[in-house]
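Novice: Next one to model:
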Amino acid sequence: MLYTLTLYALLGVGLAASIGFLVLHRPRRFFRTVEINASWWVIIVALWYARSLILVGIRGASPSGPWWDVALSLGLLAAIDGLLLVRFFSYLRYRRDHPEDPPTAS
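Specialist: Take a look at the predicted model:
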């Protein structure tokens, strides 16, 4: 039960961070090099997380390996969540420092 709740929490946080970044970033031209570098890995991870959440909801989760295997998989999931959260909060800081509408000279 604790393993399933941990999976739900980690997958939910990662999915929320990636969707939050994509909503704020609003990529317009998906096939430009800048957009591929900025957004595509977030899109791929968001799809992977959404799929994983659906599968955990359907099948459930139970640790089926030794303790180090479970620790490694949860640790890697937490590390990817950390990257997504850093991406989300760094983009929030960027948006705060660089407003979209520059002040006009009067």
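
Novice: In the chain, what helix or strand scores lowest on average pLDDT?
Specialist: Of all helical and strand segments in the chain, the minimum by mean pLDDT, DSSP states H and E falls on helix 33-35, at a mean of 73.

Novice: What lies in contact with whichever helix or strand comes after it?
Specialist: Going down the chain from helix 33-35, the next helix or strand is helix 41-59, by DSSP states H and E. With contact meaning Cβ atoms under 8 Å, 6 or more residues apart in numbering, helix 41-59 is reached by 4, 7-8, 11-12, 14-15, 18-19, 21-22, 80, 84, 87. C-betas here are computed from N, CA, C, even on glycine.

Novice: The same query, at a cut-off of 10 Å, please.
Specialist: Helix 41-59 is contacted from outside by 4, 7-8, 10-22, 25, 27, 30, 36, 61, 77, 80-81, 83-84, 87-88, 91, using Cβ atoms under 10 Å, 6 or more residues apart in numbering.
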